[in-house]
Structure formats: structure tokens, C-alpha cells
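K.L.:
fold the following, please.
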Amino acid sequence: MADIGYRPERGLPQRFERPGALRFTFYVALAAFVLWSFQGAGWSFSALVSGGPALVDFLSRAWPPSAERLPQLGEALLETFQMALAGTIIGIVVSLPLAIVAAKGLTGPGIISRCLYSGSRLLIALFRTVPDLVWALVFVITVGLGPFAGTLAIAVDTVGFCGRFFAESMEDAEKGPSEALTAAGASKLDTVFCAVVPAAMPSFITTSLFALEKATRSSVVLGLVGAGGIGIELKVAMDFFDYQLAMTIILMIFVLVLCVERLGNFARKTILEGSPR
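P.N.:
Reported below is the predicted structural model:
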């Protein structure tokens, strides 16, 4: 028989604490800054609505996609992926020793170690904060037009991306094995490569696969500034109002990025969990 009079004990729902005058002023200023940012970004509902017919017109003129230059576009798409793959591998190889030096607690207490730590941190921050498009412009100037400039830009961007996350994953690794090796008299280098790096390896693999997906998307954009790949084909098609060819390129890019993301998910599950789904 059910106990009709039973009522489960429930605490009062949590309520937001009433802000003080200073915090309320801060919230108001923050909201005003957000609204000001929208205004500065040129956000306009009227322009969004009035642009609808132009979008429909573009889609009607871009459909059906053109299949005239599929072999050439396929080669350009392959070059795009080759740029992403080569740049990512170079970036991962360079970022690993850089991340070891940039991780807290993995270098010695001496002045030289501190200088190396600060310098590697600063270098990783520089590579990460400057957009890959800017790096592509720099390398187009230095090594000329073509996929090599794009590969270098992706490599530098990957060093900034992987260097940071590699260093953080080594800092968060389980300290027990490394402390045991240190107590047994192992050198700093042995401790890093026998305890810290193996403990952080799953994070390394995940970060590297995300870096490849990121590089694949970036390599398309880099072509717009002459760094090789299918991006330059897209720019030429748009400049000559060949929207059907542009739609073909957009769909090919979509398929490439989707395939890389699917393969990345498959590789993550296979390597880390041992059971692909």
C-alpha cells in the first residue's frame, strides 16, 4: 500500500545570489560591451533578410554542379590533403621535444632550463596566436606560390596547437611512476621517456588526430592566398562567376573533411579503445 502521506525531502531550489552594487555594475557594463560588439560587427537583421533572395539566386545558378573538370579538381583535392598530412606530421614531430621543454616540472631548476622553458612557451604561444592564413602569406613571400608554402604554414600552426596540448597532458600525467623512477636513481631524460610520455600517449594521439582534421580544413583556406591546393581553384571559379564549378569544389571539400573526421573518429576508437564502432 502506498504511503500517501510520504513526501520525499527536497531541498529548496538553488537561487542566484543577489549581486552587490559593484558586481551589478560589472554585469551591466559587460552586457553593454556585448551589445556594442554586435554593433561593431555590423550585425543587421534587415541585411540578413534582404540577402536571402541573393542566396537563393546563387544556389539556383550553382545547381547542378559542373562535372567538366573533375579529374583536375580531384588532383587539386589530393594535393590539399597531402599538404595537410605532411604539415601535420612535421608539426607533431617538432612539437614533441618543444612540449617536453615547455612542460612544468620536466626540466631542471637551473638558469638555462628556465630560459629554455620560457623560450619554448613563448615560441609555442607565437605559433598558436598568429593565424595560419598569416603564416601562409609569410611563406608565400619567402618560398613562393605553391603547396610547399601551405605545408610550412600548416606545420607551424600544428606546432602551436600540439605543443600546448602536449605540454599540458604531460603536466597532468600521473606522477607516481615518474616519482618511483626518480627515487630509483633514473635520470630526468629516462623519467620523461619511460614514465611521462607513455602516460600522456593517449592524449597525444587524440590531439594529433584533431590536428589533422584542423589542418585539412585550414589547407582549403590557405589555397585562397596562393599556398596551393584546391582553394585557388575555388577562388578562380568565384572570381569568374562560375558558380556551378564553385559548387562542385565546395561539395568535394565537404566530402574530404567529412571523410577525414570519420577516419579520425575510427582511428581514435581503434587505437585508444581497441574496438572500432
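K.L.:
so residue 65: helix, strand or coil?
P.N.:
coil (DSSP: H, G, I helix; E, B strand; the rest coil).
K.L.:
quick one: it and residue 251 touch, right?
P.N.:
Yes. Using CB atoms under 8 Å, residue 65 is in contact with residue 251, at 6.1 Å. The C-beta positions use only the backbone N, C-alpha and C, and glycine is treated the same way.
K.L.:
neighbour count winner among those two?
P.N.:
Each of residue 65 and residue 251 has its neighbours counted (other CB atoms under 10 Å); residue 65 has more, 17 against 12.
K.L.:
quick one, what contacts that one?
P.N.:
Contacts for residue 65 (CB atoms under 8 Å, 6 or more residues apart in numbering) come out as 244-245, 247-248, 251.
K.L.:
now do the phi/psi pair for residue 19.
P.N.:
Taking degrees, to the nearest 10, you get phi -70, psi 150 for the backbone angles of residue 19.
K.L.:
grab the nearest non-local neighbour of it.
P.N.:
Closest residue in space to residue 19, ignoring its immediate chain neighbours: residue 27 at 6.6 Å, by CB to CB, 6 or more residues apart in numbering.
K.L.:
now that neighbour: which helix or strand?
P.N.:
helix 21-40 (DSSP states H and E).
K.L.:
and that helix, how far from the chain's centre?
P.N.:
Centroid separation for helix 21-40 versus its chain: 30 Å, with CA atoms, centre = their mean, to the nearest Å.
K.L.:
so after that helix, what's the next helix or strand?
P.N.:
Assigned by DSSP H and E, the successor of helix 21-40 is helix 45-50.
K.L.:
next, please give the residue ranges for the helices of the stretch 1-150 of the chain.
P.N.:
Secondary structure of the stretch 1-150 of the chain (DSSP state H, counting those that start in this stretch): helices located at 21-40, 45-50, 52-62, 70-102, 111-129, 132-143, 147-171.
K.L.:
wait, the residue nearest to residue 19 touches residue 20, no?
P.N.:
No. Using CB under 8 Å, residue 27 makes no contact with residue 20, being 10.6 Å away.
K.L.:
grab the nearest non-local neighbour of the residue nearest the centre of the chain.
P.N.:
For the chain, the residue nearest the mean C-alpha position is residue 214 (4.6 Å; CA atoms, centre = their mean). Excluding the flanking residues, the one nearest residue 214 by CB to CB, 6+ apart is residue 161, at 6.7 Å.
K.L.:
how near is the one you found to residue 18?
P.N.:
For residue 161, the distance to residue 18 equals 42 Å [CB to CB, to the nearest Å].
K.L.:
and for residue 99?
P.N.:
45 Å.
K.L.:
next: residue 128.
P.N.:
40 Å.
K.L.:
between those two, which one's more packed in?
P.N.:
For residue 128 and residue 18, the more surrounded residue by other CB under 10 Å is residue 128, and the numbers stand at 17 against 7.
K.L.:
surely that one touches residue 161?
P.N.:
Yes. Between residue 128 and residue 161 there is a contact under CB under 8 Å: 6.4 Å.
K.L.:
who's in contact with stretch 96-116?
P.N.:
With CB under 8 Å, 6+ apart as the test, stretch 96-116 has contacts from 117, 120-121, 123-124, 159, 162-164, 166-168, 170-171, 188, 192, 196-197, 204.
K.L.:
which residues of this structure score low on pLDDT?
P.N.:
1-14, 273-277 (pLDDT under 70).
K.L.:
helices of the stretch 151-277 of the chain, start to end?
P.N.:
Applying DSSP H, counting those that start in this stretch to the stretch 151-277 of the chain gives helices spanning 175-183, 188-191, 197-222, 231-239, 243-268.
K.L.:
comparing those, which comes out most buried?
P.N.:
helix 197-222 (a mean of 21; mean count of other CB atoms under 10 Å).
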